[in-house]
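*Asks:* please find the sequence and the predicted model below.
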Number of protein chains: 2
Amino acid sequence: MSTPGPRRTTIKDVAELAGVGVATVSRVLSGGSASAETRERVLDAATKLDYRPSALGRNLRQQRSGGVALLVPDITDGFYARLCDGVLSCARSYREPVTIGVTGDDAEQEADLVGGLLEQSMDRIIAVPTGDGEMWASAVRAGLNVVFADRRVWSPGQHARALDEVPAVLTDDRSGLRTAIEYLTGLGHRKIGFLARQGMSHRVAAFREAMGDLLDEDLVVFARASRDSAYAAAAGLFQRRADLTAVIAGGNMLGEAAVLAARELYVRIPRDLSLIMFDDVPWAELCSPPLTVIAQPASDVGYRAAELVLRHGRRPRTVSLPTELIVRSSCAPRR
Amino acid sequence: MSTPGPRRTTIKDVAELAGVGVATVSRVLSGGSASAETRERVLDAATKLDYRPSALGRNLRQQRSGGVALLVPDITDGFYARLCDGVLSCARSYREPVTIGVTGDDAEQEADLVGGLLEQSMDRIIAVPTGDGEMWASAVRAGLNVVFADRRVWSPGQHARALDEVPAVLTDDRSGLRTAIEYLTGLGHRKIGFLARQGMSHRVAAFREAMGDLLDEDLVVFARASRDSAYAAAAGLFQRRADLTAVIAGGNMLGEAAVLAARELYVRIPRDLSLIMFDDVPWAELCSPPLTVIAQPASDVGYRAAELVLRHGRRPRTVSLPTELIVRSSCAPRR
DNA sequence: AATGATGATGGAATCGTTTCCATGAGCACT
DNA sequence: AGTGCTCATGGAAACGATTCCATCATCATT
């Protein structure tokens, strides 16, 4: 059943046709030194035979498979989809294939995935990490070339060293949140809630910091990765605290849940509750009312991360990309 | 700079520790025959050394790299994101890595991507194809194991043979459209438009067929892959044909564009225009009014496609998954 | 003219696995 | 006891590239 087909043309065939040794062919094709005449003969032979070097042979020899791995919590989330798109688009210009894995924000799955990557001798990886500092530290010790995107791993104590070396491409949540909260307080809001998902500890920390004296710990709630959990968290918060007048959703799935929960509970936006959502997705504008958001350059995050991991230059420092508050109609003055 | 690190443990190390030959180790680990005692010794040694077979060596030997490739037009489109998710989730259970490429609905990029895959000796690929029958035919002739998802390639003449062999996992657009159109005509609509994107010829064909006598060729418009183009197409149609009373958007990006264009042009949905959108995305419910949609099991499409390409069983036939009309509030009787 | 330096070149080793084949042991049957 | 069979087993040959190293030619310098 399988194609017995004609053997694929190897470097040996090219060498034979060109009347040179395989070493010479390899050198010519990878830009080494060779006489002009030889170079031409080799190139001729290669095109004549339509020779494509086998990545397999190369990889084995060099003890590393090409390409980049990309680990995201959920590819279905518009933010991560755009991040992937950025990575993909940068990787294409380097002609590097991208292997994608979904962690589901679960440390165990993440470790599994990384294990599989190691087995494949993948040595470059872009990850939106999920917590386990131990695992990541051991991965970089194992020689893995890691770049974090969107968030970095919380480095508790001993791993700090290894992990602080890891470059990351982040969004400037801190300033985004500060702007958003200033905007809300400017509208008179004092009781401001935060809808988070596990793995958003950095964002929650930034929220706490930006809230300062206004912070009410009871108003920050966590959801698990699923849509249902997000809905439950939002609905729970809205019911529990009738004094809530504004809420910030830590991501687009949380924002979606907030809109849904509000509608279900007859909480009117923005009349009864002001809402700001992290991440500007296309539907934010279609929503009624159109949602005020903190826009993040998701695609750029991916692109830059890919650049960091693909460019062989010197170790670059972590970079933080700006966010922007886009005011639409989901916030109103406190009544 | 690079980690000189301790050499990774190879099959040879295991063989040595177990006091057997490498061939035996290989056999034991891949389920070949061996005496109980030897098996135990080998397994012991393997766990003691924490041995992980190198995918590189295996791949070179077997002349094929493991894993699956997945080609989608746009990973940013919620439908394809869910499709990817389905593929990923099936592939994980087989412990196979997935390499994703974005074609942008462009035949040239698609061909490029496939070329790269060939170079990597990837021999299994799931694709949402973009047109060029010639290319796909030659790919399957080259021994590539192809499964089409969401749509198949239009097989013109000579390639028909090779391409009809290729299994595909599709959604039952035909019946979805028939239901939708019956619903609309039931509401009294006669002038029904269709918003398509290039690459949706199958869906357009189904629309034409289902419309029968009602078909007005001037009411089906095509957009290119971008959001802007989708908007332009929708706005253009709405302005050009004031007699239009209902429209079906061929995908969620088209639907989004339709909602936006309608709002911009003060066309009220559903009062002035009824709208049905292909693909049920989370925001369809958040939209105002909530959109009536033709739901597609995107994730299942991906999952099934992955099953087809990963399961080594006998060649399966093309399968078509059911769609469902979900009535919300974006359609009203013709006034 | 002898020596050294430079540069192009090809043979062979190497990467880690799977798989072909030969070997030898154990056993049953004549 | 000899023959034939079935098994477990290990050595060695692939797979296709890169790269070390030795070889040789060419040319400049003393």
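*Replies:* Happy to help now that I have it.
*Asks:* how about the helices in the stretch 151-300 of chain A?
*Replies:* With DSSP state H, counting those that start in this stretch applied, the stretch 151-300 of chain A shows helices at A:160-164, A:173-186, A:201-211, A:227-240, A:252-264, A:283-286, A:298-310, listed in chain order.
*Asks:* does any bit of the worst-scoring helix or strand of chain A on mean pLDDT sit next to chain B?
*Replies:* With mean pLDDT, DSSP states H and E as the measure, the helix or strand of chain A carrying the lowest mean pLDDT is helix A:160-164 (a mean of 73). No - Helix A:160-164 stays clear of chain B (CB under 8 Å from any CB of the partner chain), getting no nearer than 12.0 Å. Yep, even glycine has a C-beta here, placed from its N, CA and C like the rest.
*Asks:* what helices and strands are in contact with that helix?
*Replies:* Contacts of helix A:160-164 with other secondary structure elements, assessed using 3 or more CB pairs under 8 Å, 6 or more residues apart in numbering or on different chains; DSSP states H and E, are made with helix A:133-141.
*Asks:* contacting residues around the helix it packs on?
*Replies:* Around helix A:133-141, the neighbours that count as contacts under CB atoms under 8 Å, 6 or more residues apart in numbering or on different chains are A:107, A:110-111, A:114, A:118, A:125, A:127, A:129, A:146, A:153-156, A:159, A:162-163, A:165-166.
*Asks:* next, count neighbours for the closest residue to residue A:270 other than its chain neighbours.
*Replies:* Counting by CB to CB, 6 or more residues apart in numbering or on different chains, residue A:332 is the residue found nearest to residue A:270 once chain neighbours are left out, at 3.8 Å. Number of residues near residue A:332 (other CB atoms under 10 Å in any protein chain shown) recorded here: 19.
*Asks:* next one: residue A:332 from DNA strand C, what distance?
*Replies:* When CB to the nearest atom of the strand, to the nearest Å is applied, the distance between residue A:332 and DNA strand C equals 63 Å.
*Asks:* helix or strand: which one has that residue?
*Replies:* With secondary structure defined by DSSP states H and E, residue A:332 is part of neither a helix nor a strand.
*Asks:* which ones are touching it?
*Replies:* Applying CB under 8 Å, 6+ apart, we find residue A:332 in contact with A:187, A:270-271, A:274.
*Asks:* for it, phi and psi?
*Replies:* Per-residue torsions, residue A:332: phi -140, psi 160 (degrees, to the nearest 10).
*Asks:* show me which residues of chain A are close to DNA strand C?
*Replies:* Taking CB under 7 Å from any atom of the strand as the contact definition, chain A meets DNA strand C at A:19-24, A:27, A:33-35, A:37-38, A:60-61, A:63.
*Asks:* let's see 10 Å
*Replies:* Along chain A, the residues adjacent to DNA strand C under the rule CB under 10 Å from any atom of the strand are A:11-12, A:15-16, A:18-28, A:32-39, A:41-42, A:56-63, A:119, A:121.
*Asks:* any weak-confidence spans in the stretch 201-335 of chain A?
*Replies:* A:313 (pLDDT under 70).
*Asks:* near chain B, which residues of it?
*Replies:* Near chain B, the residues belonging to the stretch 201-335 of chain A are A:227, A:256, A:259-260, A:281-283, A:285-288 when assessed by CB under 8 Å from any CB.
*Asks:* check which helix or strand the one residue in the stretch 51-200 of chain A that gets nearest to chain B maps to.
*Replies:* Ranked by CB to the nearest CB, the top residue of the stretch 51-200 of chain A for proximity to chain B is residue A:143, at 4.1 Å. Following DSSP H and E, one finds residue A:143 outside all helices and strands.
*Asks:* can you tell me which of the residues of chain A next to DNA strand C are buried?
*Replies:* Using 16 or more other CB atoms under 10 Å in any protein chain shown as the burial test, the residues of chain A next to DNA strand C include A:11, A:15, A:18, A:20, A:24-28, A:34, A:38-39, A:41-42, A:56, A:58-60, A:119, A:121 as buried.
*Asks:* look up how far residue A:61 lies from the residue of the stretch 201-335 of chain A found nearest DNA strand C.
*Replies:* Closest approach of the stretch 201-335 of chain A to DNA strand C (CB to the nearest atom of the strand) occurs at residue A:312, with a separation of 21.5 Å. Distance, residue A:312 to residue A:61, by CB to CB, to the nearest Å: 18 Å.
*Asks:* let me see the domain layout of chain A.
*Replies:* By the record's domain assignment, chain A is partitioned as A:11-53, A:68-171+A:299-321, A:173-296 (automatic domain parsing).
*Asks:* for the stretch 1-150 of chain A, what spans make up the strands?
*Replies:* Per DSSP state E, counting those that start in this stretch, the stretch 1-150 of chain A has strands spanning A:68-72, A:98-102, A:124-127, A:145-149. These are given in chain order.
*Asks:* closest to residue B:207 out of those strands?
*Replies:* For the strands of the stretch 1-150 of chain A, distance to residue B:207 was read as CB to CB. The smallest value, 33.2 Å, belongs to strand A:98-102.
*Asks:* got the angle between that closest one and strand B:98-102?
*Replies:* Using axes from the mean of the first three to the mean of the last three CA atoms, to 10 degrees, one finds that strand A:98-102 and strand B:98-102 are set 110 degrees apart in direction.
*Asks:* could the helices of the stretch 151-300 of chain A go into JSON lines alongside mean neighbour count and distance to residue B:93?
*Replies:* Formatted as JSON lines, the entries for those read as follows, by neighbours: other CB atoms under 10 Å in any protein chain shown; distance: least, CB to CB, whole Å:
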{"stretch": "helix A:160-164", "mean neighbour count": "15", "distance to residue B:93": "31"}
{"stretch": "helix A:173-186", "mean neighbour count": "19", "distance to residue B:93": "35"}
{"stretch": "helix A:201-211", "mean neighbour count": "18", "distance to residue B:93": "30"}
{"stretch": "helix A:227-240", "mean neighbour count": "18", "distance to residue B:93": "22"}
{"stretch": "helix A:252-264", "mean neighbour count": "23", "distance to residue B:93": "25"}
{"stretch": "helix A:283-286", "mean neighbour count": "21", "distance to residue B:93": "32"}
{"stretch": "helix A:298-310", "mean neighbour count": "24", "distance to residue B:93": "27"}
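*Asks:* redo the ones you listed as JSON lines? Include distance to residue A:316.
*Replies:* Compiled in JSON lines, those are given as follows (distance: least, CB to CB, whole Å):
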{"stretch": "helix A:160-164", "distance to residue A:316": "14"}
{"stretch": "helix A:173-186", "distance to residue A:316": "20"}
{"stretch": "helix A:201-211", "distance to residue A:316": "20"}
{"stretch": "helix A:227-240", "distance to residue A:316": "35"}
{"stretch": "helix A:252-264", "distance to residue A:316": "29"}
{"stretch": "helix A:283-286", "distance to residue A:316": "32"}
{"stretch": "helix A:298-310", "distance to residue A:316": "6"}
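*Asks:* how far away is the residue in chain A that DNA strand D sits nearest to from residue B:259?
*Replies:* Taking CB to the nearest atom of the strand as the measure, chain A has residue A:57 as its residue closest to DNA strand D, at 2.7 Å. According to CB to CB, residue A:57 and residue B:259 sit 52 Å apart.
*Asks:* ok, residue A:180 next?
*Replies:* Taking CB to CB, one finds residue A:180 at 26 Å from residue B:259.
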